[in-house]
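Asks: Next comes the sequence, and after it the predicted model I'd like to discuss.
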Amino acid sequence: MAPTKRKRQTKHRGNAAGVVESRGRTGRKPTAAEKSGKAGDAARAKAKRLDRLDRPATWSGAFWRALVAAMVLALLSGLVLKATPGQTVAYFAIALIAYTPVSYYTDRWMYMRRQRRKAKGGGKAAPR
């Protein structure tokens, strides 16, 4: 039989052990919208997180965060400390009143620190 004159169109893949390893992506990196699966979800989650970090603190956000914390405290005081229902309600009210400004000013401090860091342009603009 006569040998063929046609050149091979693809490279032989595989190493000495016979394992075929993929070359990986050689073109441009896909955008977040083009990505799919876990990589796309991670990119969208990161963008959403950065957007959330760039919003200033609000009293309503602090209130809802304090409400969740006060509910957890009330639940724990009722289950772990065996507090009476009256004591549990008192713990809830005190925690809600105390946690709301603490949460707001903590968020505000974090926001201002992030804005200063972004304005300076140095270091990590987005921690973690």
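Replies: Happy to help now that I have it. Every value quoted in this text rests on a predicted model; they were computed, and no experiment measured them.
Asks: now the helices for the chain?
Replies: All helices of the chain, identified by DSSP state H, fall at 37-53, 59-79, 85-120.
Asks: Same question for the first one: list its buried residues.
Replies: Applying a neighbour-count criterion of 16 or more other CB atoms under 10 Å, one finds Ala43 buried in helix 37-53. All C-beta spots, glycine's among them, are computed from the backbone N, C-alpha and C.
Asks: For that helix, enumerate the helices and strands it packs against.
Replies: When contacts are defined as 3 or more CB pairs under 8 Å, 6 or more residues apart in numbering; DSSP states H and E, helix 37-53 packs onto no helix or strand at all.
Asks: number of nearby residues for Gly78?
Replies: 17 (other CB atoms under 10 Å).
Asks: And the one 5 residues further on, by the same measure?
Replies: Under the neighbour criterion other CB under 10 Å, Ala83 is assigned a count of 16.
Asks: residues touching it, list them.
Replies: Residues near Ala83 by CB atoms under 8 Å, 6 or more residues apart in numbering: 77, 91.
Asks: Look up how far Leu67 lies from it.
Replies: Shown here: Ala83 relative to Leu67, a distance of 19 Å by CB to CB, to the nearest Å.
Asks: Now render the helices of the chain as TSV, adding distance to Ala2 and mean pLDDT.
Replies: Formatted as TSV, these follow (distance: least, CB to CB, whole Å; pLDDT from 0 to 100):
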stretch	distance to Ala2	mean pLDDT
helix 37-53	48	75
helix 59-79	78	93
helix 85-120	70	92
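Asks: Output these as TSV; include the columns distance to Asn15.
Replies: Below are those laid out as TSV (distance: least, CB to CB, whole Å):
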stretch	distance to Asn15
helix 37-53	26
helix 59-79	54
helix 85-120	46
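Asks: Looking at those helices, which is nearest to Lys29?
Replies: Proximity of the helices of the chain to Lys29 was assessed by CB to CB; the nearest stretch is helix 37-53, lying at 10.2 Å.
Asks: could you give the angle of that closest one to helix 59-79?
Replies: Here helix 37-53 points in a direction 110 degrees away from that of helix 59-79 (axes from the mean of the first three to the mean of the last three CA atoms, to 10 degrees).
Asks: All set, thanks.
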